[in-house]
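Colleague: Here is a sequence together with a model predicted from it:
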Amino acid sequence: MSSTQEKLRRMADQIATNLQARGHEEAVAATAEHIWKFWDPRMKAGIFADDLSVLTPIAREAIEKLKADAQQSAA
Amino acid sequence: MSSTQEKLRRMADQIATNLQARGHEEAVAATAEHIWKFWDPRMKAGIFADDLSVLTPIAREAIEKLKADAQQSAA
Amino acid sequence: MGYERQADFGTPEVKSDQQVTLTIDGREVTVPAGTTVMRAAAECGGSIPKLCATDSLNQFGSCRLCLVEIEGARGTPASCTTPVGPGMVVHTQTPRLEKLRKGVMELYISDHPLDCLTCSANNDCELQDQAANVGLRDVRYGYQGENHMGQDVDTSNPYFDFSPDKCIVCSRCVRACGETQGTFALTVDGRGFASKISAGQSGDDFLSSECVSCGACVQACPTSALMEKSVVEHGKPERAVVTTCAYCGVGCTFRAEMKGEQLVRMVPWKDGKANRGHSCVKGRFAWGYANHQDRILKPMIRDSIDQPWQEVSWEEALSYTAAKIKSIKETYGARALGGITSSRCTNEETFLVQKLIRGGFGSNNVDTCARVCHSPTGFGLSQAFGTSAGTQDFDSVMDADVILLIGANPTDGHPVFASRMKRRLRQGAKLIVIDPRRIDLVRSPHINAEHHLPLQPGTNVAVLTSIAHVIVTEGLADEAFIRERCDWDEYQDWARFVSDEKHSPEYLEAVTKVPAETVRQAARLYATGGNGAIYYGLGVTEHSQGSSTVMAIANLAMVTGNIGRRGVGVNPLRGQNNVQGSCDMGSFPHELSGYRHLSDSATRQMFEKDWGVSLDPEPGLRIPNMLDAAVDGTFRAIYIQGEDILQSDPDTHHVAAGLAAMDLVIVHDLFLNETANYATVFLPGSTFLEKDGTFTNAERRIQPVRKVMEPANGYADWEITQMLANAIGCDWNYTHPSEILDEIARLTPTFTGVSWERLEREGSLQWPVNEKFPDGSPIMHVDGFVRGKGKFVVTEYVPTDERTGPRFPLLLTTGRILSQYNVGAQTRRTANVVWHHEDVLEMHPTDAENRGLADGSWARLASRTGETTLRVVVTDRVAPGVVYTTFHHPATQANVVTTDYSDWATNCPEYKVTAVQVTPSNGPSEWQEEYNAQAERSRRIAHVEPAE
Amino acid sequence: MGYERQADFGTPEVKSDQQVTLTIDGREVTVPAGTTVMRAAAECGGSIPKLCATDSLNQFGSCRLCLVEIEGARGTPASCTTPVGPGMVVHTQTPRLEKLRKGVMELYISDHPLDCLTCSANNDCELQDQAANVGLRDVRYGYQGENHMGQDVDTSNPYFDFSPDKCIVCSRCVRACGETQGTFALTVDGRGFASKISAGQSGDDFLSSECVSCGACVQACPTSALMEKSVVEHGKPERAVVTTCAYCGVGCTFRAEMKGEQLVRMVPWKDGKANRGHSCVKGRFAWGYANHQDRILKPMIRDSIDQPWQEVSWEEALSYTAAKIKSIKETYGARALGGITSSRCTNEETFLVQKLIRGGFGSNNVDTCARVCHSPTGFGLSQAFGTSAGTQDFDSVMDADVILLIGANPTDGHPVFASRMKRRLRQGAKLIVIDPRRIDLVRSPHINAEHHLPLQPGTNVAVLTSIAHVIVTEGLADEAFIRERCDWDEYQDWARFVSDEKHSPEYLEAVTKVPAETVRQAARLYATGGNGAIYYGLGVTEHSQGSSTVMAIANLAMVTGNIGRRGVGVNPLRGQNNVQGSCDMGSFPHELSGYRHLSDSATRQMFEKDWGVSLDPEPGLRIPNMLDAAVDGTFRAIYIQGEDILQSDPDTHHVAAGLAAMDLVIVHDLFLNETANYATVFLPGSTFLEKDGTFTNAERRIQPVRKVMEPANGYADWEITQMLANAIGCDWNYTHPSEILDEIARLTPTFTGVSWERLEREGSLQWPVNEKFPDGSPIMHVDGFVRGKGKFVVTEYVPTDERTGPRFPLLLTTGRILSQYNVGAQTRRTANVVWHHEDVLEMHPTDAENRGLADGSWARLASRTGETTLRVVVTDRVAPGVVYTTFHHPATQANVVTTDYSDWATNCPEYKVTAVQVTPSNGPSEWQEEYNAQAERSRRIAHVEPAE
């Protein structure tokens, strides 16, 4: 696994951790929105393609939500 | 005769003399016009009341013309 | 408001149709071809160091400080003598130049005193500036070598000092004396290190030299070598206000340089369009009268002229005066009241005085001092061209090829314009002088008049008609011009008239005493020498044929086609600062502002509506007629603003009798003048430094006058006239002269486009300024005469009634000199008296010898009218049979001698021709002694506190 | 364009609702009550002589030169200490005053050297001015008495000299050092005649004293006693251009004083609204880099980084670069290209670079140095208030009662603003400092912080949340404000969160290491002490919780109602001169100018239409992501204008690896910086002196930058970007930056009212400037937050992943010092190196002793990422366990040690917290030696003529 991949995991988790005090549901939505707004397409693609089980729960749910949204809009 | 009266005569004659080169008729008209345009009423009254025979012919005719005009407009 | 020297671009402005673009210090600059690199750099905000260059003088290239580097050129050329070239790349600051300049500066400073902090030029010194720019920090030579320190200061001039040890021998003073002033009084003596500036011959100081104290050298001096004494005394000014000189009709603009309420100096303003940065001794230096101890600052009244004056409050003075006026009007009617406007006051003030007389007093008895100087100009030019004013601006003279100067002495009377005329003459223009005296312009350094026609006083018309005779009979008339621009029938009548043999130079030589051949040559030169410009003065107007002479002059200009373009024209040199303006403002008894006769009911009604009054449609009295009517008892009261008719007007005895006969003489002036001896009300006036307004000079240029200090007397003159008007029941509410100017513009077609705001923006405007001439009119009658066709008027020579004879065998003519002004009320109260502390009588050696008179003798000068005494100066400047004096001093009272003869058309007095006799005397005449005793008695002031 | 000192009104401006009318020298003047007579006189154009007075300092009344006479008052009071009174009648120039002043001046001059002409102050000296004004002509005492001549000049300061014999002991320097700068380094030693000015203790010279070289004393000195060395060398400037400093985010305005193409000095401009006439050592003096020999003036290219550079023509450089860009785009797509805008360049230049990348390259891979400094400010304040900028102008600090200073060291980083803050603190405002180090403001002359919270690095959020805990739980919240201005539900959620016992100071003391009671006292003071203003710096943002800390700060301001008026607010102290502007201009990969997200299609379409391109709607890469992507091979080319990411960005190894992996690195800069070691195209840049444009400072103030000299490299930076754009096929035709500014205004709602013409007229404008705020916005959120309701955001403390442990037991934090700027590219190339010629490591005595390190020892500083060596300074300014260094010198490269940890929201690097170990060393590390060798190799230039 490239160091870039590792950084993406760390970034996603870090966002999630900093948002978790807002409560689980809001934290998931805020994490997803943050990634959607600030990540370059190749970064998004990178994390979508990753093994999401290594992520913290909030981060994982956020990425899953983003993936679903992306597939929907591509459909 | 006051010195003022004497001055009025001299002024009338001097005007006439300086205009005489224009020929008699024009000189009389020009002298009359000059006095009409530049003399105060009391000066005009003074020369009208004077003995005009002492004046040079052009001056005399000019004053007579002015007197006639004045009487006409007063009538 | 802060103090800053005017910008100096180093070398004069160049005019060219071609523009050149170059790069200076990395910046692109575009300037007219022929411009120097120095000037181009200055125009884009740079400042190449310089000492010998200044933009009022031609480049000289001596100081070596203005070196620059030009890419591709060898060496380091002087930027003041190097013209710009297209694509040139100039560097004005490089290490190499820095080093060279430090070397040059080191030499200057090693021979210069180090007392900057106590030097009068401190902070206003170009050597100091350039030392700062160059950044020299060390003088290797020390200050112990041979130098020029410790030389005596020449303090002889009353207005400026020359400190030779401060001199850096840049020659700017020498060049200014030549190029700017045209006097050539200064020279560089010696060569090399021994060079020094010198005024005149060795042994001369500035006062004893030819120097005329114009100030050009002081203005040009980069250090304190030439410095105003007032700056030495008071220190550097702190602010500068641009204003217009209150002396002659040239109308120089000056920077009044102030410190608090103290005027420190007057400095000519380079942007002034009348003077172009030059000045004369009067405007530049003779302003001390403004705060002279003689000045009266409080209103005064008295019941009769044999009582002392009582100082009173303004309220009391005005109510006293108003009551008198109302009572006289009630008893004798409005036509018993009148007044005189002042040619020294502003247009706005003059306009108010005539408005007060016409609208407030209710009579048209208003006149002005132009009556006694240029009234024939107004009358004559109006007849010929349709406008009562000269046709050119002053700049026009630089395009003249032949200058015909008649009855004028510009180097004394209009010195700043004379300097420009001399500059043009040095460039090669030809000069013809028609004057009984050999005035300075006939022969002076680098000037040599082509022809001098020393005519017999009183024969102007004869000479001018004989010149016309030559032009017409020799076929030199410009018929194409005449056919296009003039009435051809009138021209033919006139041509027939002048062609008469009786008007030939040969026939008239006996009368005029001018050799016929000289007249013929002068006539040919004027008619064929290129642009011919006529300049004339009071030697034309102050004659019984003054108006005829003006018309004869107009005829000459028209017959030769010398009118309607630059370099030609008919140019009266006006006497007092605002004599043009006072005439424009409706100061004459028969006309309203803009020279419109009272009989024109449309004009009259416009004024009546605007002012809310009804106006008398009949002309009022002229000054001499007022005096006659006063003696007759029909004229009882007069308001005289800023004039001294007792001294300035002819036949003093008669003037005194007229004034004495009146019930009320109100004098509104700075000083208790001679006329005030017969006044019972004195209203203290304000100087031109104490008020806002406008003056109009001889070229019809309306220029702003700006208040630089508060009126010492409490009010500006326009405010005093307004207070007087309101005291007799008017309801005026002017708060600033600009409002009066707006009223003038509203009521006067030639002033439509004039406003204070526009003058602030554009500096000055030459009337007419209106829809037709939105930018004003530097040159008139360009596309046609104002009256339509130019009018040739037949002018027959009529000899004056004043004749010489056995009792009075000499002809007296009068004039003035450079250092004094008019009746001398101002100049006599300045240090100008060192040049002229008394009026003297010029007399030809033969006449003097015949009478046993030597230079300096006391002589009795007598005419049919009166007599006085004065000292004789023996000189061949006057012809045999002619004597000459000035009328600047009341102690002499030359006008006690002059007669009441006057111009046939305008009653302008014949000052220039009085038959006199001169005999030895041993002191003042009886009349002089009586007069002085009466004057002294009349001037007593009882200093008691007013009962407020 | 000419050179003139700025007007000096003598005493400071007074604000008052009451106006007083008086008469000075006959003129009526109306001024605010409390104004001095001196200032009133100056305001109406007069100039009362003065020496000890100047309008930047409080009146002192010692020189006795400014005496005036006041009617009805006894004696001659000093005008500088006499306030105006209604109806007062003042005379500033009378014979009595003239005499008194000459006496005073005589004493000054008798003890002053007479070498004006070679003096560096010549023509720019107030003693000279006043001597000229006073007009002293003679010094009776002579120059032989006891005096102060011949004393040694103190030349120790690299920028100015002190010449005691030129000193007139007016105390202006001493007062400026105290009042203006707040350093109190200067004193008057002795009394009476023995008085002399002294820097620090006896034996100190200026360099060894406490003097911080701000220049305030030089500015205040009326003579050449304190004088810039550059003026001594070059002489007096000849023109002055007002421009904006290119150092820190204060944005001081200066007059660039020029002589030809030579910058002679930079002088603070009194009308500058950011600096109000003050300056620091960098802006005032450290401009010599602009013409440093290291500067590259020709474009250079090379095929690979192991080759020497080849100088080529602009054409060749641009076509080479364009071909490479096109080829990479073809092969890898637009998203392989990107660039970095510069916070040192103008707004217009920055805007063009992001336009080039988005519109020309076709990607949104644009980022700027704000990424590594204040990106959390933009994110955090936008979340809370709706605007990515501070809320106040600098003037606002003068109305603050409590100043809460967090993670900022203004006396070093923002010295000119620090001086104002100190002035306010001396007036009595209270100070709370939250900083691991005991910065100067905690204790300095006349300043004593109320509370210092020396927290453990990385615990900002914990400390701020505990302050919020105190405010909410002690009932100090401003509920009225919150109900009106904020979302009440969000507030309640947040209040519940912070009230939790886990957020109490007592609970968190173990983490933050700040005594709980100190936190409580600080919280109470901020909440209840009047106007509370928060100022913060990179100690807040450069953390893994940087954005959370910014939001925590916003929460504190809202909960206490300290927002929306003067004296309060949230004020980020921005780093580089135009970091605010570069963010405003759309330099971030996810947003367009004015902080509008790319996903907003209306905004995107406006740009697409205006630019005639289509834009990628997806966010681009941030700098660290670009480097990651480069290593991964998906990012191939970068255009870097005016930044040196290799030195400034964290984890140098990783940056170098990223750059080395790219196909094309274009560096556009003044110098061959560290990043250029990895570049194959070098485009020489221009300095701020060589171009027009605007900078936006930390108070959102848009200020004009003006060209004072031509670009030595041939083109301004905006021209180079335009040439590059056109080389890759764009069609740009800007002829002046004002046209770019017009485009910015057209496309950015907060800039609608901004134009070059308006900036010329008004000097500066604070955005937003638009229909709603036509005059700009000194204070924001006055009537409501930009986002509507203020948002309380829950900020949970999350410790950084960077932890100390046995291998790396110390925490390194980094910062900067006064004399250096950022990576030092500019300041290292000036004489500022005398104060700081190398980066050093500050270490607590205990930690040093434990490691056998003494003051000055060489030490090895190592982290998990890398290591370097530097010298140790032992000091108790840092707490035990904390070490501190700066990153100004490439020889040290502190960033080889910092990690790639970064802020969760913005990836702003965690410079402020790195776990390190420090051990003795005997010289540079192996890495340092390798780096230096590589850098030297990479900087070789093959000097052959370009094949044009």
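Modeller: That came in fine, so what should we check first?
Colleague: CA atoms for contacts and neighbours, from now on please.
Modeller: OK.
Colleague: For the stretch 701-850 of chain C, which segments are assigned as helices?
Modeller: Along the stretch 701-850 of chain C, the stretches classed as helices by DSSP state H, counting those that start in this stretch are C:717-727, C:737-747, C:756-762, C:845-850.
Colleague: could you dump stretch C:472-486 to CSV, C-alpha only?
Modeller: The C-alpha trace of stretch C:472-486 is given here as CSV (Å, rounded to 0.1, in the frame of the first residue of the first chain):
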residue,chain,number,x,y,z
VAL,C,472,-1.3,106.4,-49.7
THR,C,473,0.6,108.5,-52.2
GLU,C,474,3.5,106.1,-52.5
GLY,C,475,1.1,103.2,-53.1
LEU,C,476,1.9,101.4,-49.9
ALA,C,477,-1.7,100.9,-48.8
ASP,C,478,-3.0,97.3,-48.4
GLU,C,479,-6.0,97.7,-50.6
ALA,C,480,-7.0,94.0,-50.4
PHE,C,481,-7.3,94.3,-46.7
ILE,C,482,-9.1,97.6,-46.9
ARG,C,483,-11.6,96.3,-49.5
GLU,C,484,-12.4,93.2,-47.4
ARG,C,485,-12.4,94.7,-43.9
CYS,C,486,-13.2,98.4,-44.2
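Colleague: How about that stretch, which residues are buried there?
Modeller: C:472-473, C:476-479, C:482, C:485-486 (16 or more other Cα atoms under 10 Å in any protein chain shown).
Colleague: In helices, which of these appear?
Modeller: Of the buried residues of stretch C:472-486, the ones assigned to helices by DSSP state H are C:472-473, C:479, C:482, C:485.
Colleague: Go through the helices of the stretch 701-850 of chain C and name the closest to D:Gly150.
Modeller: Closest to D:Gly150 of the helices of the stretch 701-850 of chain C is helix C:756-762 (Cα to Cα; 52.9 Å).
Colleague: how much space between C:Val708 and C:Ser686?
Modeller: For C:Val708, the distance to C:Ser686 (Cα to Cα, to the nearest Å) stands at 12 Å.
Colleague: can I get the ones in helices among the buried residues of stretch C:472-486 in a markdown table with pLDDT and distance to chain D?
Modeller: Formatted as a markdown table, these follow (pLDDT from 0 to 100; distance: Cα to the nearest Cα, whole Å):
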| residue | pLDDT | distance to chain D |
| --- | --- | --- |
| C:Val472 | 97 | 60 |
| C:Thr473 | 97 | 63 |
| C:Glu479 | 96 | 56 |
| C:Ile482 | 96 | 54 |
| C:Arg485 | 95 | 51 |
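Colleague: and which of these is nearest C:Gly586?
Modeller: The closest of these, once distances to C:Gly586 are taken by Cα to Cα, is C:Arg485, at 29.0 Å.
Colleague: Need the per-residue pLDDT for the nearest residue to the closest one once chain neighbours are set aside.
Modeller: Spatial nearest neighbour of C:Arg485, chain neighbours left out: C:Lys789 (5.6 Å); criterion: Cα to Cα, 6 or more residues apart in numbering or on different chains. For C:Lys789, the model assigns a pLDDT of 93.
Colleague: farthest-separated two in the buried residues of stretch C:472-486?
Modeller: Pairwise across those, and taking Cα to Cα, the largest span is found between C:Thr473 and C:Arg485, at 20.7 Å.
Colleague: hmm, who's touching stretch C:272-279?
Modeller: Here stretch C:272-279 makes contact (Cα atoms under 8 Å, 6 or more residues apart in numbering or on different chains) with C:56, C:180-181, C:214-216, C:250-254, C:268-271, C:394-395, C:415-417, C:763-764.
Colleague: Mark which of those are part of strands, please.
Modeller: C:253-254, C:268 (DSSP state E).
Colleague: pretty sure C:Val153 contacts C:Asp161?
Modeller: Yes. Counting by Cα atoms under 8 Å, C:Val153 touches C:Asp161, with 6.7 Å between them.
Colleague: Looking only at neighbour counts, state which of these two leads.
Modeller: C:Asp161 (20 against 14; other Cα atoms under 10 Å in any protein chain shown).
Colleague: Check the spacing between that one and chain B real quick.
Modeller: Using Cα to the nearest Cα, to the nearest Å, we find C:Asp161 at a distance of 54 Å from chain B.
Colleague: chain center to the helix or strand hosting that residue: distance?
Modeller: Applying DSSP states H and E as the criterion places C:Asp161 in strand C:160-162. In terms of Cα atoms, centre = their mean, to the nearest Å, the centre of strand C:160-162 is found 25 Å from the chain centre.
Colleague: The next helix or strand after it packs against which elements?
Modeller: As assigned by DSSP H and E, the chain's next helix or strand after strand C:160-162 is helix C:172-175. Judged by 3 or more Cα pairs under 8 Å, 6 or more residues apart in numbering or on different chains; DSSP states H and E, helix C:172-175 is in contact with strand C:186-189, helix C:216-220.
Colleague: how about a cut-off of 7 Å?
Modeller: Judged by 3 or more Cα pairs under 7 Å, 6 or more residues apart in numbering or on different chains; DSSP states H and E, helix C:172-175 is in contact with helix C:216-220.
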